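Enquirer: predicted model and sequence follow; I will ask about them next.
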Amino acid sequence: MQTEMRPTPKARGGAPIMPDSAAEMFLTLTVAGQLCGVPVLAVRDILAAQAITRVPLAPREVAGSLNLRGRIVTAIDLRRRLGLPPRAANAPAAMSVVVEQGGELYSLLSDSVGEVLPLRADGFAGNPPTLDAVWRDVSRAVHRQDDRLLIVLDVDRILAIG
Amino acid sequence: MDDLLADFLTETNEGLAALDGALLKLEKAPDDRQTLSEIFRNVHTIKGTCGFLGLSRLEKVAHAAENVLGKYRDGSLKVTPEGITLILSALDCLKSIVSGIEAAGNEPAGDDGALIAALDAAWRGELPATPVTAPAAVVAEVAALEEPVVETAVAPEAEVAPEPTPAAAVPPPAPAAPTRAESDAEPAAATPAAAQGQGTQAQGAPAAAPQTIRVSVDVLEDLMTLVSELVLTRNQLLQLVRARNDSALTVPLQRLSHITSELQEGVMKTRMQPIGNAWQKLPRIVRDLANELGKKIELVMKGAETELDRQVLELIKDPLTHMVRNSGDHGLETPEQRRAVGKPEVGRITLNAYHEGGHIIIEIGDDGRGLSVEKIKAKVLAQGLTTEAELAGMSEREIQHFIFRAGFSTAAAITSVSGRGVGMDVVKTNVEKIGGTIELRSVEGKGTTFFIKIPLTLAIVSALIVEAGGERFAIPQIGVVELVRASGNAEGAQIERIHDTPVMRLRERLLPLVSLSRLLQLEQEAAEPGKDEGFVVVTQVGANVFGIIVDKVFDTEEIVVKPVAPILRHVTMFSGNTILGDGSVIMILDPNGIARATGVGADGPTEEIAQAAEGPRGARSTERTALLLFRAGDDTPKAVPLGLVARLEDLPVESIEHSGGKTLVQYRGKLMPLVSMSGGWVPPEPGRRQAVLVFNDRDRAMGLMVDAILDVVEEHLNIEGAAEQPGFLGSAVICGKVTDIIDCAWWLRQAGDDWFRQSAAAHTPYRVLLVEDSAFFRHLLVPGLTAAGYEVTAVDSATQALQMREQGASFDLIISDIEMPDLDGLGLARAVREGGAWQALPMVALSGRVDNERMRLARDAGFTSYVGKSDREALLVTLRECLAATTIA
């Protein structure tokens, strides 16, 4: 099952909201219970469970490779990358968020993928000093999202492995 | 730019490129009428076309050059190096004007008066007293943007390089031509400049191709991508049909498959060009470099017909040129320096290109002074790149790799040619950008060789699909020699173990093996340790052959090689990945990486391997050698040539004593040191005896303690397998069993460090040339001769020996084997005695057999003396006699 990206803004309430010029659109995803956001323009594809081939001798953050319409995508396990505990054995398979860097495709394996949200520019805050070191390394900023905190991920830093 | 001008530019560029090579040819062979005519014709054509198009500046220069060439052609003027240099500078002038036209659309303004005057003077017969080339060449090692070099109103090459690439150096300009643009003016590089998508030739052969058509690179790219996808789809179809067994589809599908393969081949051909195209300019650059630096340089180019993708070719052109210039400038010494260390005056730069396992390897080597580890260390510390402590822990190779750092250069003086320290790091970056790697090997005093390995990324290759550790992999078919089924039972090939390393005996050859699942750290099914089953993929990398153990073998498929993501690029086992017909992604193995990871000899420079003819193919002795077989330390039988053993002794264990940490025995009135072959030597029980092999050197003896003496046999000795442990030359198959061959010299040294220290040499050591085609015997003789105080140079063929004579090498004595392929010892002796530098040298013949008839033949051919091969004592005595005789004479 593949979902094509359509950047239609939709607020929590259900009524479409015109994004104001100061807001950026973000795709939300969840990793080990933490809500994260990735700039929508960086996302090429969202995929459901895929057959991933292991790559021997690869860094442990690399889960393997998968085939996306004839192109090879390197899968990065976000939990391992962020030093989080591995997925439970009976949990549903990971969702892939495919991004591109330097002409190569990478997929970020996360627990689940949410909606595309506009995040107002004034809702952003810098990284709190209490943020875990690993998160601080990959986080661009945090955003207050109703009752939850959303960590905005920096894709380039996530892919800086080894 | 109108079409007429564009055509003219392309044609003229081709003509100028051809002229370069032709002029150099003429310099070497001034009376070559054909070359002369060709050169004249070319220049004449250029002049004519220029006139027709109204390009007056070009026309004037071409006309002046044509005049001189005309006189050469009808013999009224002699061809001299100065003359050639002058014509070459005229060519450079033409080139720069042409590139000016390409950039701006019309001739750049400029005055060639001085050049034309010089040409006219030559035409009149007055050659310049001093060479025309002034050492004012400026090298743009970074983009031309950086160099304040452009002196005309036209700004040519500044716009060519969108990103910094090390542009090739500029040939020395003609003097007093201040308005000439001095930027790089390679015609072929100018072609991308003219690329407003203008395009390239479909066929880039330097020899005049009969019919060509110009096609845009983008069109070819798209074609290539489409064909790749077609191949993948065809693979999928094949897989589906195989599963369904639908006969109606089989025939058309087969036809489709066949056509697709041919289409693929055809499209690949359009992109492939011989690497010789990139090397075209190098002879000229080397010549100019040699003149400028006052050195003598010979450029050897091997494998020029090796093909690679056109785009890749463009990208490595500049790095190659830079490295050749580096070799000439930094690597090679001046003739005086070379003579002082006994090298031939002419320094050699060797280029070698070949395909290997889905890659192209380009070697750039020189026989110069090599990298000085000390100098690098000093520079590294001075620049603060690392600390002393870290340096101490680094291997020589790691230290040598510092030259790839930005800003690094140990050149004491920055010459105009190189030394600005912006070179090697840019080369490395450029090579890595196309997914390649660069390695270096350097021996101080001997020379340096660089190895650039570039993947054929766009290639569609045939690959063998195998399975190991539950995962599937692809091995490029090109490196696979054969497939062997290794069964646990006695039939068929068996996997044996030497020191826990798996090997396999395959048709009299010993094959080192590598377990793929172990190498890739995959979980293996708990296999019974004793039973080694599966398949062995026999792979060849360079000159080395080894086997990869896999669990299953599927079939051969055509796959599209896709480069691995940058994150995974450091895993050297893989050369790429691909998508199979069933949609799954699998990794493509790189036999080269595997060989290096397991140390299966892939580390040795190819030149040495080719020359020494060692490696698993074996060091073949054509004669049978008497070998002593014994057991020591473990169950593997060991062997030593009987001729080297003085005596076999069985000593009572009580006579063995210990003193000063050494084991000794009183033997024939002297104390003889005893050496044990294995670390934990346990003396036999009292009352028993210890078997000892006694080795002699003049008045000293050494005993090698062994467990049991097995046998004495006469066998052909083929040493195979890299020697992994010190003390062993390698392994061989003796009497059907794998046997270790010991390295006597090493064991002798264990008896005492001063064993090989010679009595104070009252004179400089005699230089001995050893001509022996068998690597084994070279190994045997060279250490012994060196220990005796001689300076030994060994070559493996008589032809090579004669070559050394041509190059001016000198020796005090020549030792030569008789039975050698091609030119044998007798032929060599005759050639030496006929005349030349070595005519009066004493020559000693070596042979496996000593009989009167052979001795007579040898003496007749010119040998001074005749000795048996395994008789080291006799050899040393003979050497002493011969050399004493010469000093008296």
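Expert: Perfect, I can see it now. Residues are numbered from 1 along each chain as shown, chains lettered A, B, ... in the order given.
Enquirer: list the residue ranges of the stretch 51-200 of chain B that fall below the pLDDT cut-off.
Expert: Scanning the stretch 51-200 of chain B for pLDDT under 70 picks out the ranges B:127-200.
Enquirer: name the single longest helix found in chain B.
Expert: In chain B, with assignment by DSSP state H, the single longest helix is helix B:217-244.
Enquirer: any idea of the mean pLDDT in that one?
Expert: Regarding helix B:217-244, the rounded mean pLDDT is 80.
Enquirer: right, is the next helix or strand along the chain from that helix up against chain A?
Expert: Using DSSP states H and E, the helix or strand that follows helix B:217-244 towards the C-terminus is helix B:247-271. No: applying C-beta under 8 Å from any C-beta of the partner chain, one finds helix B:247-271 separated from chain A by no less than 16.0 Å. Bear in mind the C-beta positions are built from the backbone N, C-alpha and C, glycine included.
Enquirer: give me the contacts around the following helix or strand past helix B:247-271.
Expert: Going down the chain from helix B:247-271, the next helix or strand is strand B:272-274, by DSSP H and E. Residues from elsewhere that reach strand B:272-274, judged by C-beta atoms under 8 Å, 6 or more residues apart in numbering or on different chains: B:Gly204, B:Ala205, B:Ala304, B:Glu305, B:Thr306, B:Glu307, B:Leu308, B:Asp309, B:Arg310, B:Leu313.
Enquirer: the longest helix of chain B near chain A at all?
Expert: Yes: interface with chain A: helix B:217-244 contributes B:Glu229, B:Leu232 (C-beta under 8 Å from any C-beta).
Enquirer: got the residues of chain A near chain B?
Expert: Contact residues, chain A versus chain B (C-beta under 8 Å from any C-beta): A:51, A:53-59, A:62, A:64-67, A:70, A:72, A:74, A:102, A:104, A:106, A:159, A:161-162.
Enquirer: which of these are buried?
Expert: A:53-58, A:62, A:64-67, A:72, A:74, A:104, A:106, A:159, A:161 (16 or more other C-beta atoms under 10 Å in any protein chain shown).
Enquirer: list the buried residues for stretch B:107-117?
Expert: Neighbour-count burial for stretch B:107-117 flags B:Glu107, B:Pro108, B:Gly110, B:Asp112, B:Leu115, B:Ile116 (criterion: 16+ other C-beta under 10 Å).
Enquirer: got it, and stretch A:71-85?
Expert: For stretch A:71-85, the neighbour count (16+ other C-beta under 10 Å) marks A:Ile72, A:Val73, A:Thr74, A:Ala75, A:Ile76, A:Asp77, A:Leu78, A:Arg79, A:Arg80, A:Arg81, A:Leu82, A:Leu84 as buried.
Enquirer: quick revisit: for the contacts of strand B:272-274, which one is nearest B:Thr625?
Expert: Closest approach to B:Thr625 among these (C-beta to C-beta): B:Thr306, at 40.0 Å.
Enquirer: contacting residues for the closest one?
Expert: Residues near B:Thr306 by C-beta under 8 Å, 6+ apart: B:Pro274, B:Ile275, B:Ala353, B:Tyr354, B:His355, B:Ile360.
Enquirer: quickly list what the fifth one is bridged to.
Expert: Right, B:His355. B:His355 forms beta bridges with B:Ile360, as assigned by DSSP bridges.
Enquirer: related to what we said a few turns ago, from the buried ones among the residues of chain A next to chain B, which ones fall inside strands?
Expert: The strands, defined by DSSP state E, take in A:Val62, A:Gly64, A:Ser65, A:Leu66, A:Asn67, A:Ile72, A:Thr74, A:Glu104, A:Tyr106 from those.
Enquirer: dump these to CSV, plus distance to B:Ile567.
Expert: Shown next, in CSV, are these (distance: C-beta to C-beta, whole Å):
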residue, distance to B:Ile567
A:Val62, 6
A:Gly64, 12
A:Ser65, 11
A:Leu66, 15
A:Asn67, 18
A:Ile72, 12
A:Thr74, 6
A:Glu104, 9
A:Tyr106, 8
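Enquirer: tell me the pLDDT of B:Val653.
Expert: Note for B:Val653: predicted pLDDT of 79.
Enquirer: low-confidence regions, chain A specifically.
Expert: Low-confidence segments of chain A (pLDDT under 70): A:1-23, A:162.
Enquirer: now it against chain B: closest residue?
Expert: Chain B sits closest to A:Pro56 of chain A, with a gap of 3.7 Å, by C-beta to the nearest C-beta.
Enquirer: wait, doesn't that residue sit right on B:Leu516?
Expert: No: contact criterion C-beta atoms under 8 Å: A:Pro56 and B:Leu516 do not qualify, at 9.3 Å.
Enquirer: what is in contact with those two at once?
Expert: Joint contacts of A:Pro56 and B:Leu516 (C-beta under 8 Å, 6+ apart) are B:Gly469, B:Leu522.
Enquirer: which residues does A:Phe124 contact?
Expert: Contacts of A:Phe124 (C-beta under 8 Å, 6+ apart): A:Ala141, A:Val142, A:His143, A:Val152.
Enquirer: count of neighbours near the nearest residue to B:Ala745 once chain neighbours are set aside?
Expert: Distances taken as C-beta to C-beta, 6 or more residues apart in numbering or on different chains put B:Pro783 closest to B:Ala745, at 3.8 Å, once the chain neighbours are dropped. When neighbours are defined as other C-beta atoms under 10 Å in any protein chain shown, B:Pro783 has 18 of them.
Enquirer: secondary structure element holding B:Pro783?
Expert: B:Pro783 belongs to helix B:775-787 when assigned by DSSP H and E.
Enquirer: pLDDT averaged over that helix - what is it?
Expert: Mean predicted confidence for helix B:775-787 is 75.
Enquirer: next helix or strand past it?
Expert: Following helix B:775-787 toward the C-terminus (DSSP H and E): strand B:791-795.
Enquirer: longest helix in chain A, by number of residues?
Expert: Per DSSP H, chain A has its longest helix at helix A:133-138.
Enquirer: check chain B for the residue nearest chain A and tell me.
Expert: Closest point on chain B to chain A, by C-beta to the nearest C-beta, is B:Leu520, at 3.7 Å.
Enquirer: list the contacts of the residue nearest to that residue when sequence neighbours are not counted.
Expert: Spatial nearest neighbour of B:Leu520, excluding adjacent residues (C-beta to C-beta, 6+ apart): A:Pro56 at 3.7 Å. A:Pro56 makes contacts with B:Gly469, B:Glu471, B:Leu520, B:Gln521, B:Leu522, B:Val571, B:Met573, B:Met587, as judged by C-beta under 8 Å, 6+ apart.
Enquirer: burial count for the last one?
Expert: If you count neighbours by other C-beta under 10 Å, B:Met587 ends up with 27.
Enquirer: separation between it and A:Leu117?
Expert: Distance of B:Met587 to A:Leu117, given as C-beta to C-beta, to the nearest Å: 38 Å.
Enquirer: the third one now?
Expert: Noted for B:Leu520: a distance of 43 Å to A:Leu117, by C-beta to C-beta.
Enquirer: what of the fourth one?
Expert: Remark: distance between B:Gln521 and A:Leu117 (C-beta to C-beta) = 42 Å.
Enquirer: in terms of neighbours, single out the busier of those two.
Expert: Between B:Gln521 and A:Leu117, counted using other C-beta under 10 Å, the more crowded position is A:Leu117 (23 against 10).
Enquirer: B:Val844 touches B:Ser816, doesn't it?
Expert: Yes: B:Val844 lies in contact with B:Ser816 (C-beta under 8 Å); the separation is 7.4 Å.
Enquirer: the more surrounded of the two?
Expert: Under the criterion of other C-beta under 10 Å, the comparison of B:Val844 against B:Ser816 puts B:Ser816 first, with 26 against 21.
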